[in-house]
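Q: sequence first, predicted model second:
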Amino acid sequence: MSKRLLPVLIIAVGIAGFLLLKMTRPEPAEVSATERSWRVQVQVVEPGFHTPVLPLYGEVLAPEQLTVTATLAGRIGERPVTEGQRVNEGDLLVALDDADIRPELAQAEAQVADLQAQLRSEQVRYRNDQLALASEQAILDNARRQLERTRSLLSRNLASREALEAATDASARAELTVNTRQRAIDEHPARLQSLEAKLAQAEANLDSTRRDAARARMTAPFDGIVTSIQVARGDQVSRNEPLLSLYPVEGLELRARVPEMFRAELLDALERGEPLMASSASDEHWFRLARFAGTSDPSGTEAILELEGEPKGLRPGALMPVTLERAARANSVAIPFSALYGADSIYLLSSDGRMERAKIERIGEARGNNGERWLLVSGEALVSGARLITTHLPNAVTGLKVDAADSGASEQ
């Protein structure tokens, strides 16, 4: 009988223990739902004057670069300079051999001397023709009188027909001689003018040859740097063949293409006389915007920036990124790029700790004190004291609750 009651007793004890544990268990704490917040960085907005900058990438050029060419054909006698050498005004760059110059000069001088002699000969000839004309005119008069006498004698049968023919021939020859001499005298002005024109041409050629001979020793017209040397001593060159190039130490320019959207603004600043400066990445070189190129294309217009100060190793042909400072803008704020949403939106922190979307106008880039790039914007919502959220949240939306991690962050 006791064996049958034992299982029932065990089950009863178990049920009693379960009920006891259930009655003595602690009450669970009441759970209440809480809204999640996101921790963000905040910048206090202080609108003011800021200078927007425009990154450009351009090529260094030497607009006054000079190409030295051979003024005469000949051999190179001297070339004391080397590639990249800095020379002073008046230093010898290259010279042709004198042995090739002297014959050219002597030939030009000989042409002038020959034409001067022809002019003197023409004057002597003219004077002789005038004297000879008077004598030949007297001979013609005598021949005509003789012809008349012969005709008179022939009419009285006192002279033969052969004598008349001889007198006629003598008169014709005398007249022909006078006409030939007169034609020579009449042609004197034309011959004189032709010789004078040839003499003037020869004298001009002589002046040109003397000038080219003087330029055969080519010296530096300014302080500069030698480049593009194409000949060596002893080379045979022809007239107008390029020999070397020289560009001035001062006067280098940077040509960079400016997007069309900025061109009108920069032109207005130039017309107002505002100095627009651009600096290289390390601030080693500074350029001043001088003007724009005369032509443009859909990608933009080339801006011409003149180097200010020493070139410090800058060479034509170098590609250089620069940062152009545009005209300063009032009521603008420099913000980090992380604060921008889309193309024209930001978020401000409201008084109850929530995000509020606001529209802004992008002005351009700005440069911080440490060289960091910032975005320059303006907008009605960017009032003094407003708190800008600079942490970029992928789930940003108006009304999202956030906590400011650094509400004292300052703008640039």
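A: Thanks, I have the structure now. Numbering: from 1, shown residues only.
Q: how about the nearest residue to the spatially most central residue of the chain, chain neighbours excluded?
A: The residue lying closest to the centre of the chain (Cα atoms, centre = their mean) is P63, at 5.6 Å. Distances taken as Cβ to Cβ, 6 or more residues apart in numbering place E253 nearest to P63, at 5.6 Å, with adjacent residues excluded. Where you see a C-beta, it was placed from the backbone N, CA and C, and this is true even at glycine.
Q: before we move on, what about L140?
A: A174 is the one closest to L140 (Cβ to Cβ, 6+ apart), at 4.0 Å.
Q: thought the one you found was touching E136?
A: Yes - with contacts counted by Cβ atoms under 8 Å, A174 reaches E136, the gap being 6.9 Å.
Q: rewinding a little: which residues does the residue nearest to P63 contact?
A: Residues in contact with E253 (Cβ atoms under 8 Å, 6 or more residues apart in numbering) are 60-63, 290, 304-307.
Q: swap in 6 Å and give it another go.
A: Residues near E253 by Cβ atoms under 6 Å, 6 or more residues apart in numbering: 61, 63, 304, 306.
Q: run through the bridge partners of it.
A: Going by DSSP bridges, E253 is paired in beta bridges with L61, E306.
Q: what does the pLDDT read for it?
A: pLDDT for E253: 94.
Q: also the one 3 residues further on?
A: Model confidence at A256, expressed as pLDDT, equals 94.
Q: around it, how many other residues sit close by?
A: Counted with other Cβ atoms under 10 Å, residues neighbouring A256 total 23.
Q: so after the helix or strand where it lies, what's the next helix or strand?
A: Using DSSP states H and E, A256 falls within strand 253-258. Next helix or strand after strand 253-258 toward the C-terminus (DSSP H and E): helix 260-271.
Q: who's in contact with that following helix?
A: Helix 260-271 is contacted by residues 54, 276, 300-301, 327 when judged by Cβ under 6 Å, 6+ apart.
Q: mind redoing it with 10 Å?
A: Under the criterion Cβ atoms under 10 Å, 6 or more residues apart in numbering, residues 52, 54, 56, 258, 274-276, 289-292, 296-301, 303, 324, 326-328, 364 lie in contact with helix 260-271.
Q: what do you get for stretch 107-125?
A: Stretch 107-125 has contacts (Cβ under 10 Å, 6+ apart) with 184-185, 188, 191-192, 194-210, 212-213.
Q: mean confidence for that stretch?
A: Averaging pLDDT along stretch 107-125 yields 92.
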